[in-house]
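Chemist: Pasting the sequence and the predicted coordinates here, then a few questions.
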Amino acid sequence: MSAVSRSDHRKGIKGRATSEELALLLPAQRDCTLKHTNNPLMWGLEPATYSIVMGTLCESIADMNPTRAAELWELAKARCLTSRSLAEDSQHPRHLWFVDDEGQVFEAAYTGNGRYHGYPVPSEWDQARAVVAKW
């Protein structure tokens, strides 16, 4: 089994969002989390007073800022890939994926109450290659 298909199975990329999924995502909001930033104040977050296991950083994208993130979120809701699995408490897809015009892959994970938090996926990761292959 190739790295791409292993990754595809692990996260369960279903494919392009259906019209029903897109309608469900339209009112969805984006969340920011301390896990994906070195600059919490820029994102309207209070700095952590405890240790955090960091994820991929939004700031690793050269022009990423709250305005750009909001623009990408609106584009992602209109043309994303969705996961096979649904969030436990709703009909929302557990994960969404989007590729911007520069080829950067983003993943958004459902956090509850119609909200997702998004973050960049490094191009060398299997998951990024799986998303690009389906994009």
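Modeler: Perfect, thanks for sending it.
Chemist: Strands of this protein, residue ranges please.
Modeler: Here the chain has its strands, by DSSP state E, at 13-16, 29-31, 81-83, 95-99, 105-112, 115-121.
Chemist: Considering these, which stretch scores lowest in mean pLDDT?
Modeler: Among these, strand 29-31 carries the lowest mean pLDDT, a mean of 76.
Chemist: Report the buried residues of it.
Modeler: Residues 30-31 are the ones in strand 29-31 that count as buried (16 or more other C-beta atoms under 10 Å). No exception for glycine: its C-beta is placed from N, CA and C like everyone else's.
Chemist: So what's the gap between that strand and the chain middle?
Modeler: 10 Å (C-alpha atoms, centre = their mean, to the nearest Å).
Chemist: Please renumber the chain so that the first residue is 19 from this point on.
Modeler: Got it, first residue is 19 now, which makes that one strand 47-49.
Chemist: and of the strands of the chain, who's closest to Trp91?
Modeler: Ranking the strands of the chain by proximity to Trp91 (C-beta to C-beta) places strand 47-49 first, at 4.5 Å.
Chemist: looking at this protein, which helix or strand is least sure?
Modeler: helix 21-29 (a mean of 45; mean pLDDT, DSSP states H and E).
Chemist: re earlier: for the strands of the chain, please prepare JSON lines with the additional fields distance to Ala146.
Modeler: Shown next, in JSON lines, are the strands of the chain (distance: least, C-beta to C-beta, whole Å):
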{"stretch": "strand 31-34", "distance to Ala146": "11"}
{"stretch": "strand 47-49", "distance to Ala146": "20"}
{"stretch": "strand 99-101", "distance to Ala146": "12"}
{"stretch": "strand 113-117", "distance to Ala146": "9"}
{"stretch": "strand 123-130", "distance to Ala146": "4"}
{"stretch": "strand 133-139", "distance to Ala146": "4"}
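Chemist: And those: which comes nearest Pro84?
Modeler: Among the strands of the chain, strand 47-49 sits nearest to Pro84 (C-beta to C-beta), with 9.8 Å.
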